[in-house]
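Undergrad: One predicted model, sequence on top.
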Amino acid sequence: MGKTWITPFVRQCYVTAGTSLNMASHGFVMGFAAVLLPQLRKPDSIIPIDQVTGSWIVSTPAISQVLGNFIVPSLMNVLGRRRANLISILVMIICWLTISVADNFITIIICRAIQGVSLGISASLSPILIGEYTSPKNRGSFITTLSVAMSIGVLTIHTLGSYSTWQITALVVAIIAFVDFLMVIYSPESPIWLADKGRYSECRSVFMWLRGSGEEDELNKMIEAAIIINNIKAASVAPKTITGKVKKSLSSFSEALTKREFYKPIFIMINVYNIGIWSAVALLTTYIIDVIHYVVGTEVDVPVIVISLGIQRIVSNLVAVYLYKTFKRKTLLYVLCGLNALTLFATGIYVYAKLHNLLPFDHPSIGVILIHLHMFSGATGCVPFPFIIAGEIFPTQYKSLAGGISVVIFSCIFSVMIKSVPSMFITFGLHGSYFIYGVIVTYFLIVSGIFLPETKDRTLQDIEDEFRGKPIDPEELKSMQSLTTWQKHKMDRRCSSPLI
């Protein structure tokens, strides 16, 4: 009687919360620099820093994140989604505890670098894991909570750092990460990964625990597809030499490149990620003071505007949860990301007119409204949209590899964008930079709209079948070689992950 309220929806909320709380680490790690640097610059700081060392503290996690993008496909495939998530969280706990007692610059930099690797793992893993856990009708809303968690992470660490030392702040965040670790320990493994490993009984049990009895058709199709692929894997002959294994992997990768269900999702995700990158929402976090001075002016209360943007970002993320549950994906792509492009153009025109005294009337509130429109379009569209699509379009067989490739490309382009901002502002000014960003967003918006299929309320298997062009067929797959056939077949015999 007492457990009748624990419905499949509540269970999906629980497993999503554990995954989303790990994504809050992105907000914690990036926001921690704003807490750490001002305190280290004080004369009585135990770790004195200068401009160069301070810049390394800020940029190191973004650089090392690429390494996490590279290793996450292997972790997800071999150890499973749940264990990869636990490793990411455990690394964060250790790093935060070490930072809380650090007394030198090298220790902080090493911890920040390792944290970046953890961020790279969670960035690829989180949308995929939630996409595999949750029902199609709620999947978009659940994945949107990743953006909410990141926003809350930024606001939380800024608030902690305003009222305590950076050591206490790091310790509190370590405790939050430990709570998340316990939540994930008591979460199940992904049913899709279990099916891929041939553990069909466990897959069925976990799926029914998460979804209830109303979605058995999706379960049956998923298991049938896994059986076909696993039978082909079992019939293949594993090479015995290292050279043979390398040749087989290269041959398998070449084979994968010819398959629409492999290259089309990667192509789409590159375009969707570029919308998020060039939407310039990152500028409202990393270069917010410069943006305010350009758009609004210097005679304003900057802290109030910054705090209001932080609050609005969280509210906008919560609004996005409703929007992605109610409206079609492509509708929101056009409306929200289109609004972002229009806001970039409008801001550029306004700043240009302001610099050249072409405005018949001007007031700081105009600039404030433009910045808040920029944040709204980003927090509801450009930021959460890539997470949602990444959790829906990658095929089961190539999910880790395709997702990893996409995120590596995202990380590299994002690093270039962030590094180029100061040069862009010097060369083109904010107005010119915003015009360039607007053109880029418009281009990728058009391309994404053409190639992205509608994914709302559809099963992952159905989406995969559309990319393939038809349902998975045993005869068609006989020539298919898995990228890790021989490894995964052996690991299936050795690895076990009991449902907790």
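TA: Structure's in. What do you need?
Undergrad: got the contact list for stretch 91-98?
TA: 22, 25, 107, 111-112, 114-115, 117-118, 170-171, 173-174, 177-178, 181 (Cβ atoms under 8 Å, 6 or more residues apart in numbering). C-betas here are computed from N, CA, C, even on glycine.
Undergrad: What about those, which are in helices?
TA: Among the contacts of stretch 91-98, the residues falling in helices (DSSP state H) are 22, 25, 107, 111-112, 114-115, 117-118, 170-171, 173-174, 177-178, 181.
Undergrad: tally of neighbours for the closest residue in space to S25 that isn't next to it in sequence?
TA: Spatial nearest neighbour of S25, chain neighbours left out: M92 (5.4 Å); criterion: Cβ to Cβ, 6 or more residues apart in numbering. M92 has 28 neighbours, counted by other Cβ atoms under 10 Å.
Undergrad: Do you know the pLDDT at M92?
TA: Looking at M92, its pLDDT is 95.
Undergrad: give me the element it is part of.
TA: According to DSSP states H and E, M92 maps onto helix 81-100.
Undergrad: Mind picking the two most distant members of the ones in helices among the contacts of stretch 91-98?
TA: Of all pairs drawn from the ones in helices among the contacts of stretch 91-98, the one with the longest distance (Cβ to Cβ) is N22 and T107, at 23.4 Å.
Undergrad: Which one's more surrounded, those two?
TA: With neighbours defined as other Cβ under 10 Å, N22 and T107 compare such that N22 has more, 28 against 14.
Undergrad: Identify the residues contacting that one.
TA: For N22, the contact set (Cβ under 8 Å, 6+ apart) comprises N85, S88, I89, M92, S122, S126, A177, D180, V184.
Undergrad: sorry, back to before: so how far is L219 from the residue nearest to S25?
TA: M92 sits at a distance of 33 Å from L219 (criterion: Cβ to Cβ, to the nearest Å).
Undergrad: returning to what we had before: with only the CA atoms kept, save the helix holding M92 in PDB.
TA: C-alpha atoms of helix 81-100 as PDB (Å, rounded to 0.1, in the frame of the first residue of the first chain):
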ATOM      1  CA  ARG A  81      26.200   3.400 -19.100                       C
ATOM      2  CA  ARG A  82      25.700   3.200 -15.300                       C
ATOM      3  CA  ARG A  83      29.300   2.300 -14.500                       C
ATOM      4  CA  ALA A  84      30.600   5.000 -16.700                       C
ATOM      5  CA  ASN A  85      28.300   7.500 -14.900                       C
ATOM      6  CA  LEU A  86      29.600   6.300 -11.600                       C
ATOM      7  CA  ILE A  87      33.200   6.700 -12.700                       C
ATOM      8  CA  SER A  88      32.500  10.200 -13.800                       C
ATOM      9  CA  ILE A  89      30.900  11.100 -10.500                       C
ATOM     10  CA  LEU A  90      33.600   9.400  -8.400                       C
ATOM     11  CA  VAL A  91      36.400  11.300 -10.200                       C
ATOM     12  CA  MET A  92      34.500  14.600  -9.400                       C
ATOM     13  CA  ILE A  93      34.200  13.700  -5.700                       C
ATOM     14  CA  ILE A  94      38.000  13.000  -5.400                       C
ATOM     15  CA  CYS A  95      38.900  16.200  -7.300                       C
ATOM     16  CA  TRP A  96      36.600  18.400  -5.200                       C
ATOM     17  CA  LEU A  97      38.000  17.000  -2.000                       C
ATOM     18  CA  THR A  98      41.500  17.500  -3.200                       C
ATOM     19  CA  ILE A  99      40.800  21.100  -4.200                       C
ATOM     20  CA  SER A 100      39.300  21.800  -0.800                       C
END
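Undergrad: Show me which positions of it end up buried.
TA: 81-89, 91-100 (16 or more other Cβ atoms under 10 Å).
Undergrad: what do you get for stretch 70-82?
TA: Residues F70, I71, V72, P73, L75, M76, N77, V78, L79, G80, R81, R82 are the ones in stretch 70-82 that count as buried (16+ other Cβ under 10 Å).
Undergrad: Quick check on the contacts of stretch 91-98: which are buried?
TA: Buried residues within the contacts of stretch 91-98, counting neighbours by 16+ other Cβ under 10 Å: 22, 25, 111-112, 114-115, 117-118, 170-171, 173-174, 177-178, 181.
Undergrad: of all those residues, which comes closest to I314?
TA: Of the buried ones among the contacts of stretch 91-98, the one sitting nearest to I314 (Cβ to Cβ) turns out to be S25, at 16.7 Å.
Undergrad: Surely the closest one and G120 touch.
TA: No. Using Cβ atoms under 8 Å, S25 makes no contact with G120, being 11.1 Å away.
Undergrad: can you give me how far the one helix or strand L160 maps to is from the chain middle?
TA: Assigned by DSSP H and E, L160 belongs to helix 136-163. Relative to the centre of its chain, helix 136-163 is centred 12 Å away, using Cα atoms, centre = their mean, to the nearest Å.
Undergrad: repeat for stretch 43-62
TA: 26 Å.
Undergrad: swap in stretch 359-371?
TA: Distance, centroid of stretch 359-371 to centroid of chain: 33 Å (Cα atoms, centre = their mean).
Undergrad: cool, and stretch 197-207?
TA: Offset of stretch 197-207 from its chain centre (Cα atoms, centre = their mean): 27 Å.
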